[in-house]
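Novice: Dropping a prediction and its sequence here:
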Amino acid sequence: MRREGLLGWALLAPSLVLLGTFVVLPVLTVVPLSLMQYDMIASSGRWVGLQNYAALAADPIFWQAVTHTLELALGTTLPLLALAIVFGLMLNRRVRGGAVYRTILFVPYVIPLVASSIAWIWMLSSHGFVNEVLGLVLPVRGLAWLDSSAWALPGIMLVTVWQFVGYYTVLVLSGLQSVPREIEEAARIDGAGEIRLAWSVTLPLLSPTLLFCGVVGVIASFRVFDQIYVMTGGGPGTATVTLVFYLYQQGFGFLNAGAGASISVMLLVGLMGVTWLQLRMARRWVTYQL
Amino acid sequence: MGHVPALIGRRLPRAIATHTALVAGALLAMLPLLWLVSLSLQEPRAVFHYPPRLIPERVLWSSYPAAWRAQPFARMYVNSIVTTLLIILGQIVTSSLAAYALAQLRFRGRTLAFLVIVSTMMVPIQATFVPAYIIVSRLRWVDTYWALVMPFAASGFGIFLMRQAFLVVPHTLVEAARIDGAGHWTILTRILLPLARPAVATLAALSFVFHYNDFFWPLIVTNSARVRTLPIGLATMILTEGPQGTQWNEVMAADVFVIVPILAAFVLFQRYLSPTALMTGVK
């Protein structure tokens, strides 16, 4: 027992030291750092109390960043869930070539976002394919998405949905495969149509998976960075500045570590709050199988 | 007899609708990538062409050698591949050792250690970048491979995954080996790791996707081409305009350089990106 303890800690040591230094220590120090004015080049700082937070509260760009982060969370998670459900239900019916469709939908997830964002700059230009495709159904002409302060953020949402749709489809599909066939068969024999079956039987049984996708989707949306950096640089103006992007600008653009740390704290707190809210609301709509 | 045509009559339109929707989805998923390849083979101004053209009028290969010279891509390939492989190797070693302790040994504090490790999986990592950068710069690691590799050489997810894989190995198997005189090292390397090969492959595949594609962290801890990785090289290309402005066909060609290795890896290893791995693999 004694020797197992020694060996156990020795085997854990490399992991604990690395995770401790690069994850736990930063999480613990981000709060004190947010109470300092810290010079990253001289690596010295002084305590300033809540000054960084007071500056954030009075900073209109910070509040825009909060709004944009929440808009991005809604504008990516909801379409992603809807599309993943539609594709998941279709692929779950053993369509011919299902594996091929699933693989193709999944490809955008493994492509470096920096690389795909460059293509999306031109997809979203006034004469790009997005307008061409939308033009088939909507009266869109010559909209330069990324130059418009109203449409740049929806452009970022579009890229994010494109990137993740195959990923959530795979998750939904695996959730659907654990839905017992007998329950669906029973409902079908009782005369339920396809739509009714999906709405009243399949979706409730899928709800734990959907909750998982919703929580993970919101977390992923809070982390969005690469496409903003490459496609808009936060602009036009501040139209696509999110919390993570503002954290980058303050902390690493203006080398204002204290401000960067205070935005990080707000990001952590905000994410915890939103996740808590989601889990709480989930009590109303998630059905757990007995 | 009478309901057979009715069945066909209902099923056929539905199959057509399903395939139409799936084909549309697949085309939209592929369109940006196909256009990117197409633009790399057209003249630089093709990005401004209206209507957008997917099939090049004539194919120009010249953008590829030009793109290769525009940034030190050979060096960046080496940096990207070497740092990603070092991270994967580090994660496999540290995770297997830690997972062995957590799955096979009994000692005080084991549960607490496991809880701390699992909780590191839930931290949105960008929120730690400011203090993490200060730590890395205090260690004088800025602009070195150390800064790119060490922060990711251990992984809460990796430990979690390997522990799960070790726990399902039948206890009798391990006991039998121990009675035959096998030590901890033999049990780990000869019994547990070979049986946990799918988990190792999943860890390697997910880690490759995350770290080959990673942008934010390499962006802040590197500043010279000596250690910069492919995504940074790509972003630099569009943010620094040459005398004739950005040569978009060259940018798209460079884009193809960056995408090809990950796409090849995906084709080879996609079966290890299973839904269960993805469920737990979200960082």
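Specialist: It's in.
Novice: buried set for stretch A:164-183?
Specialist: For stretch A:164-183, burial by neighbour count (16 or more other C-beta atoms under 10 Å in any protein chain shown) applies to A:164-176, A:179. Every residue, glycine included, has its C-beta placed from N, CA and C.
Novice: Likewise for stretch B:102-121?
Specialist: Here stretch B:102-121 shows B:Leu102, B:Ala103, B:Gln104, B:Leu105, B:Phe107, B:Arg110, B:Ala113, B:Phe114, B:Val116, B:Ile117, B:Thr120, B:Met121 as buried, counting by 16+ other C-beta under 10 Å.
Novice: of the residues you listed, list those near chain A.
Specialist: By C-beta under 8 Å from any C-beta of the partner chain, the members of the buried residues of stretch B:102-121 lying near chain A are B:Leu102, B:Leu105, B:Phe107, B:Arg110, B:Ala113, B:Val116, B:Ile117, B:Thr120.
Novice: Make JSON lines from those and add distance to B:Thr189 and pLDDT to it.
Specialist: Shown next, in JSON lines, are those (distance: C-beta to C-beta, whole Å; pLDDT from 0 to 100):
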{"residue": "B:Leu102", "distance to B:Thr189": "17", "pLDDT": "96"}
{"residue": "B:Leu105", "distance to B:Thr189": "16", "pLDDT": "93"}
{"residue": "B:Phe107", "distance to B:Thr189": "21", "pLDDT": "92"}
{"residue": "B:Arg110", "distance to B:Thr189": "22", "pLDDT": "94"}
{"residue": "B:Ala113", "distance to B:Thr189": "22", "pLDDT": "95"}
{"residue": "B:Val116", "distance to B:Thr189": "26", "pLDDT": "94"}
{"residue": "B:Ile117", "distance to B:Thr189": "22", "pLDDT": "94"}
{"residue": "B:Thr120", "distance to B:Thr189": "26", "pLDDT": "90"}
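Novice: which one of those sits closest to A:Gly214?
Specialist: If you rank those by distance to A:Gly214 using C-beta to C-beta, B:Thr120 comes first, at 22.7 Å.
Novice: Quick check: that closest one touching A:Leu25?
Specialist: No - here B:Thr120 lies out of contact with A:Leu25, judged by C-beta atoms under 8 Å, at a distance of 11.0 Å.
Novice: Between the ones next to chain A among the buried residues of stretch B:102-121, which sits nearest B:Asp143?
Specialist: B:Thr120 (25.8 Å).
Novice: and the closest residue to that closest one other than its chain neighbours, backbone torsions?
Specialist: Excluding the flanking residues, the one nearest B:Thr120 by C-beta to C-beta, 6 or more residues apart in numbering or on different chains is B:Gly156, at 4.0 Å. Here is the backbone geometry of B:Gly156 (degrees, to the nearest 10): phi -60, psi -40.
Novice: B:Gly156 contacts B:Phe114, doesn't it?
Specialist: No - with contact defined as C-beta under 8 Å, B:Gly156 does not count as touching B:Phe114 (9.9 Å).
Novice: helix/strand/coil for A:Leu279?
Specialist: What DSSP: H, G, I helix; E, B strand; the rest coil gives for A:Leu279 is helix.
Novice: ok, it to B:Leu105 distance?
Specialist: 34 Å (C-beta to C-beta, to the nearest Å).
Novice: Repeat that for A:Leu105.
Specialist: 43 Å.
Novice: Could you do B:Thr246 as well?
Specialist: 57 Å.
Novice: Please apply the same query to B:Pro170.
Specialist: As judged by C-beta to C-beta, B:Pro170 and B:Leu105 stand 17 Å apart.
Novice: which stretches of chain A form strands?
Specialist: A:36-39, A:44-47 (DSSP state E).
Novice: Packed most tightly, which of those strands would that be?
Specialist: Among the strands of chain A, strand A:36-39 has the highest mean neighbour count (mean count of other C-beta atoms under 10 Å in any protein chain shown), at a mean of 18.
Novice: Centre of the chain to it, how far?
Specialist: Its chain's average C-alpha position is 30 Å from that of strand A:36-39, according to C-alpha atoms, centre = their mean, to the nearest Å.
Novice: hmm, who's touching it?
Specialist: A:Ser44, A:Gly45, A:Arg46, A:Trp47, A:Val48, A:Gln51, A:Asn52, A:Leu255, A:Ala257, A:Gly258, A:Ala261, B:Ile134 (C-beta atoms under 8 Å, 6 or more residues apart in numbering or on different chains).
Novice: Contact partners for A:Ala115?
Specialist: Contacts of A:Ala115 by C-beta under 8 Å, 6+ apart are B:Leu36, B:Pro231, B:Leu234, B:Asp255, B:Val258, B:Ile259.
Novice: Which members of those additionally contact chain A?
Specialist: Among these, chain A is touched by B:Leu36, B:Pro231, B:Leu234, B:Asp255, B:Val258, B:Ile259 when using C-beta under 8 Å from any C-beta.
Novice: farthest pair in the residues you listed?
Specialist: Across the ones next to chain A among the contacts of A:Ala115 (C-beta to C-beta), the longest gap, 14.8 Å, separates B:Leu36 and B:Pro231.
Novice: check contacts around the residue nearest the centre of chain B.
Specialist: Chain B has B:Val209 as the residue nearest its centroid, 0.5 Å off, counting by C-alpha atoms, centre = their mean. Shown in contact with B:Val209 (C-beta under 8 Å, 6+ apart): A:Tyr109, A:Val110, B:Ile262, B:Phe266, B:Leu273.
Novice: how does it look with 6 Å?
Specialist: A:Val110 (C-beta atoms under 6 Å, 6 or more residues apart in numbering or on different chains).
Novice: so it is in which element?
Specialist: helix B:197-213 (DSSP states H and E).
Novice: quick one: buried residues of that helix?
Specialist: B:199-213.
Novice: Same question for stretch A:52-70.
Specialist: Neighbour counts over stretch A:52-70 (16+ other C-beta under 10 Å) mark A:Asn52, A:Tyr53, A:Ala55, A:Leu56, A:Phe62, A:Gln64, A:Ala65, A:Val66, A:His68, A:Thr69, A:Leu70 as buried.
Novice: Return the subset of the residues you listed lying in helices.
Specialist: Using DSSP state H, the members of the buried residues of stretch A:52-70 that fall in helices are A:Asn52, A:Tyr53, A:Ala55, A:Leu56, A:Phe62, A:Gln64, A:Ala65, A:Val66, A:His68, A:Thr69, A:Leu70.
Novice: Make a markdown table from those residues and add pLDDT and distance to A:Gly142 to it.
Specialist: Shown next, in a markdown table, are these (pLDDT from 0 to 100; distance: C-beta to C-beta, whole Å):
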| residue | pLDDT | distance to A:Gly142 |
| --- | --- | --- |
| A:Asn52 | 95 | 43 |
| A:Tyr53 | 97 | 44 |
| A:Ala55 | 95 | 41 |
| A:Leu56 | 95 | 38 |
| A:Phe62 | 97 | 34 |
| A:Gln64 | 97 | 27 |
| A:Ala65 | 97 | 30 |
| A:Val66 | 97 | 32 |
| A:His68 | 97 | 25 |
| A:Thr69 | 97 | 30 |
| A:Leu70 | 96 | 30 |
